[in-house]
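J.: Sequence plus predicted model, see below.
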Amino acid sequence: MKNKISIIGVPMDLGQSRRGVDMGPSAMRYAGAIEKLEELDYQIHDLGDIPINRPDKPTTDNSSNLKNLAQVVEANQKLAEMVDKEIEKRHFPLIFGGDHSIAIGSLAGISKHYENLGVIWYDAHGDLNSGETSPSGNIHGMPLAVSLGIGHEKLTNILGFAPKIKPENIVIIGARSLDPGERELIRDRGIKVYTMHELDRMGMPKVMEETISYLKERTDGVHLSLDLDGLDPSEAPGVGTPVIGGITYRESHLAMEMLEESKLLTSAEFVEVNPILDEKNKTATVAVGLMGSLFGEKLK
Ligand SMILES: NC(=[NH2+])NCCC[C@H](N)C(=O)O
Ligand SMILES: [Mn+2]
Ligand SMILES: [Mn+2]
């Protein structure tokens, strides 16, 4: 029997302020995501895109500085419910963003099914802000904190429980732009982080070996949340918050291949692809290439 992957597109751009990232799911489909996974002999269930309620102009909640809070909550609620159902059917959820605020819904739906869900956060950023520490009010800078139960109650309490994950089950890879409040949280909660400094010193093979054995010991499922801005902007230019000095294309493929070999992953998402800021759909193409490695494309 073929393994089943359920693809859910989330055309969300309300978690940040640059338009176009809502076209990420189409860009990845256009770059051949479905065909690639089918070639790798998976049975694909493409559930299409979740409808997003778009306000005429950006809204800010009176009780907080969070932008478009109501719409972000609504979309993540829907996403969480869909992900939950797919896992119940024993399908592997693969989510296409959209900005990174959608990880709130993914993690809500997934974490219902695990005691100790592990999370690999492949990103230039920590996304560990809350309303109090955020420099921008953009919810895409908050999903990892929200999943730890930190932040606005409407976000932390999606599906009616919090927290979704434990700090010791998180590994951040590729960080190079952390706000002061995020650094504090990482220190206080003991979150494992491989910054670009560690990547340079240790190399990707060692970083992934350590990540895999660390998560293998303590988790019963692992979600990969891959923000394309984790890669260097020369190789993935179509992102809203690029930071130079990132992970290379080759290192990223190796990371995906090592994850595939580990058989640890139980869900994944690819986020922050913005075709308007891209060069000829390069970033979506990189994302689809990485999916290939993650799902077993290599010469054996
Ligand atoms: N998912 C992302 N690209 N996040 C970028 C966050 C940038 C910054 N730390 C903020 O809170 O606004
Ligand atoms: Mn990022
Ligand atoms: Mn991110």
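T.: Good, I have the coordinates. Numbering: from 1, shown residues only. Ligands and ions are numbered 1, 2, ... in the order given.
J.: how about low-confidence regions in this protein?
T.: Along the chain, segments meeting pLDDT under 70 span 1, 62, 299-300.
J.: Near ligand 2, which residues of it are found?
T.: 123-125, 227, 229 (Cβ under 5 Å from the ion). Where you see a C-beta, it was placed from the backbone N, CA and C, and this is true even at glycine.
J.: change it to 6 Å
T.: 123-125, 227, 229, 241 (Cβ under 6 Å from the ion).
J.: For the nearest residue to Gly137 once chain neighbours are set aside, list the residues it contacts.
T.: Nearest residue to Gly137 in three dimensions, chain neighbours excluded: Asn65, at 4.4 Å (Cβ to Cβ, 6 or more residues apart in numbering). Asn65 makes contact with 131, 134, 137, according to Cβ atoms under 8 Å, 6 or more residues apart in numbering.
J.: circling back to that earlier point, so which of the residues of the chain next to ligand 2 reach ligand 1?
T.: With Cβ under 6 Å from any ligand atom as the criterion, the residues of the chain next to ligand 2 include 125, 227, 229, 241 near ligand 1.
J.: sorry, back to before: got a winner among the contacts of Asn65 for most neighbours?
T.: Using other Cβ atoms under 10 Å as the neighbour test, those are led by Ser134, with 22 neighbours.
J.: State the three-state secondary structure for the most centrally placed residue in the chain.
T.: Among the residues of the chain, the one closest to the centroid is Ser225, at 2.8 Å (Cα atoms, centre = their mean). With DSSP: H, G, I helix; E, B strand; the rest coil as the basis, the three-state label of Ser225 is strand.
J.: List the beta-bridge partners for it.
T.: Under DSSP bridges, the beta-bridge partners of Ser225 are Trp121, Glu269.
J.: From what I see, it and Ile104 are in contact.
T.: No - Ser225 is beyond contact range of Ile104, at 10.6 Å (criterion: Cβ atoms under 8 Å).
J.: Overlap of the contact sets of the two?
T.: What both Ser225 and Ile104 touch, as defined by Cβ under 8 Å, 6+ apart, is the set Pro143.
J.: ok, Asp179 - how many residues close by?
T.: With other Cβ under 10 Å as criterion, Asp179 counts 17.
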